[in-house]
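Got a sequence here, can you model it:
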Amino acid sequence: MQILGIDYGRKKIGLAFGNTEARLAEPLRILRYEDIKILSQKIGEIVKEYNIEKIVVGISEGEMAKETKEFGKKLEENLKVPVIFQDETLTTQDAQKFAIEAGINRKKRKLLEDAYSAAIILQTYLDYQK
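Numbers count the residues shown, from 1 in each chain. The predicted structure follows:
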């Protein structure tokens, strides 16, 4: 099963791709946006392109949780793809640490941070599936 991981933010989201057979997630890209409807359309195009059957959205406690849940529910309704929420606590720090250890320079690291966070969110989900 092909799965899309999302690290949701108010101005940009990180995307990662993975599947249940290989149980591996990899950073895909960053999408910057101003209009949530256009963002939803772009995600819909990615869902079709990669034959996505499930979406995993990172969620944390706090003020963003409600907004993230609403975003996930709208995606599920619009794209007709199940959306699962996965705890994203500390994923940004983990993504930064991974990128530093991989020797990625600061500029590129900052550009890809959200995609790496999405990959960590998705990998965590895959690791706990049987």
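
Quick check: pLDDT value at the closest residue to Lys11 other than its chain neighbours.
Using C-beta to C-beta, 6 or more residues apart in numbering and skipping residues adjacent in sequence, the residue nearest Lys11 is Arg32, 6.4 Å away. For glycine as for every other residue, the C-beta is placed from the backbone atoms N, C-alpha and C. On the pLDDT scale, Arg32 is placed at 95.

Alpha carbons of stretch 2-9, as PDB, please.
Extracted in PDB, the C-alpha atoms of stretch 2-9 (Å, rounded to 0.1, in the frame of the first residue of the first chain):
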ATOM      1  CA  GLN A   2       1.300   3.400  -1.000                       C
ATOM      2  CA  ILE A   3       1.200   6.000   1.800                       C
ATOM      3  CA  LEU A   4       1.700   9.800   1.900                       C
ATOM      4  CA  GLY A   5       3.100  11.400   5.100                       C
ATOM      5  CA  ILE A   6       2.300  15.000   5.800                       C
ATOM      6  CA  ASP A   7       3.900  17.500   8.200                       C
ATOM      7  CA  TYR A   8       1.200  20.200   8.300                       C
ATOM      8  CA  GLY A   9       2.000  23.900   8.900                       C
END
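
what number of residues lie near the residue nearest to Lys11?
10 (other C-beta atoms under 10 Å).

Kindly report the same for Glu113.
Glu113, neighbours per other C-beta under 10 Å, totals 22.

ok, now how distant is it from Met1?
To Met1, Glu113 is 27 Å away according to C-beta to C-beta, to the nearest Å.

Report pLDDT for Glu113.
76.

any chance you could map the helices in this structure?
36-49, 63-79, 91-101, 106-127 (DSSP state H).

in the last one, what counts as buried?
The one in question is helix 106-127. Neighbour-count burial for helix 106-127 flags 109, 112-126 (criterion: 16 or more other C-beta atoms under 10 Å).

now swap in stretch 28-47 and tell me
Leu28, Ile30, Leu31, Tyr33, Leu39, Ser40, Ile43, Gly44, Ile46, Val47.

check contacts around Val40.
Not quite, residue 40 is Ser, not Val. Ser40 makes contact with Lys74, Leu75, Asn78, Leu79, according to C-beta atoms under 8 Å, 6 or more residues apart in numbering.
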